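Asker: this is the structure alone, sequence omitted:
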């Protein structure tokens with residue numbers, strides 16, 4: 001598909017979404033419809049440790065939060081390497097063994113495409129597409145073009161993005177730093193480990209720390 005046709009399809013699908021909802025959610029749905037995928041997600045980065053992500057509802061919606069909790073997965077690789085990453089759900093990948101092993105519980109066969117979103121000459125996030133049909137129908141070039149178009153849209157509307165959900169995580173990280181006398185990166189890892197052990201989200205794990213349901217110490 002040529003770029004003008006792709007862009008026209010993306011804009012048309014975006015116009016058909018409910019404009020009363022957040023822009024990130026609407027763009028995510030528009031991308032899924034554009035590629036006729038079975039699910040998708042958008043992750044936007046505002047710097048180290050500062051991300052916002054949304055997923056379309058369905059069987060794959062828990063995979064994006066899982067990557068955030070683990071700190072590994074195709075999205076991280078796509079953003080770090082600035083390239084399209086394609087993996088089969090449930091297949092083991094050396095670069096992220098824990099994530100790839102856990103995806104086997106999702107069931108069904110699908111290809112996950114993680115595509116870096118670029119804007120103003122830098123990677124600003126990632127577009128994820130979950131495809132159960134013939135993966136050859138989605139070329140890397142088409143995916144990259146749409147991802148870059150979305151990245152440009154988001155940069156032009158940065159004030160519409162909601163970063164408020166990240167505040168509890170930052171506050172909780174500060175509390176763990178004070179409790180253990182360790183650096184922010186290690187404190188963040190402790191909260192991620194707590195989230196993983198409880199099979200919960202980073203936000204829920206952060207709330208456990210903030211409300212002192214969980215206190216980290218060197219004592220048993």
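Answerer: Sure, I can see it. Owing to the predicted nature of the structure, the values given are computational and were not obtained by experimental measurement. Numbers count the residues shown, from 1 in each chain.

Asker: in this structure residue 180 contacts residue 187, no?
Answerer: Yes. Between residue 180 and residue 187 there is a contact under C-beta atoms under 8 Å: 6.9 Å. For glycine as for every other residue, the C-beta is placed from the backbone atoms N, C-alpha and C.

Asker: list the buried residues for the longest helix seen in the chain?
Answerer: Ranked by residue count and defined by DSSP state H, the top helix of the chain is helix 140-156. Neighbour-count burial for helix 140-156 flags 142-151, 153-155 (criterion: 16 or more other C-beta atoms under 10 Å).

Asker: circling back: quick one, which of residue 180 and residue 187 is more surrounded?
Answerer: Shown here are residue 180 and residue 187; by other C-beta atoms under 10 Å, residue 187 has more neighbours (22 against 14).

Asker: isn't the more buried one up against residue 176?
Answerer: Yes. Using C-beta under 8 Å, residue 187 makes contact with residue 176 at a distance of 3.8 Å.

Asker: what is the neighbour count of residue 80?
Answerer: Residue 80 has 12 nearby residues by other C-beta under 10 Å.

Asker: quick one: it is in a helix?
Answerer: Yes. Judged by DSSP: H, G, I helix; E, B strand; the rest coil, residue 80 forms part of a helix.

Asker: just the strands in the protein please.
Answerer: Taking DSSP state E, the strands of the chain run over residues 39-45, 51-55, 85-88, 111-119, 122-131.

Asker: what bridges to the residue positioned nearest the centre of the chain?
Answerer: The residue lying closest to the centre of the chain (C-alpha atoms, centre = their mean) is residue 43, at 4.0 Å. Beta bridges link residue 43 to residue 53, residue 126 when assigned by DSSP bridges.

Asker: got the contact list for it?
Answerer: By C-beta atoms under 8 Å, 6 or more residues apart in numbering, the residues touching residue 43 are 51, 52, 53, 64, 75, 79, 125, 126, 128.

Asker: would you mind measuring from the fifth one to residue 176?
Answerer: Right, the one you point to is residue 75. Distance of residue 75 to residue 176, given as C-beta to C-beta, to the nearest Å: 24 Å.

Asker: and if you look at the first one?
Answerer: From residue 51 over to residue 176 the distance is 19 Å, taken as C-beta to C-beta.

Asker: which residue sits closest to residue 28, ignoring its sequence neighbours?
Answerer: Closest residue in space to residue 28, ignoring its immediate chain neighbours: residue 42 at 4.5 Å, by C-beta to C-beta, 6 or more residues apart in numbering.

Asker: OK, contacts around the one you found?
Answerer: Applying C-beta under 8 Å, 6+ apart, we find residue 42 in contact with 24, 27, 28, 31, 53, 54, 117, 125, 126, 127, 128, 150.

Asker: list phi and psi for residue 35.
Answerer: phi -100, psi 10 (degrees, to the nearest 10).

Asker: that one is in contact with residue 129, isn't it?
Answerer: Yes. Look at residue 35 against residue 129 with C-beta under 8 Å: they come within range, at 5.7 Å.

Asker: okay, and the common contacts of these two?
Answerer: By C-beta under 8 Å, 6+ apart, the residues touching both residue 35 and residue 129 are 138, 143.

Asker: the more surrounded of these two?
Answerer: residue 129 (27 against 24).

Asker: roughly how far apart are the more buried one and residue 15?
Answerer: 20 Å.

Asker: before we move on, what about residue 72?
Answerer: 36 Å.
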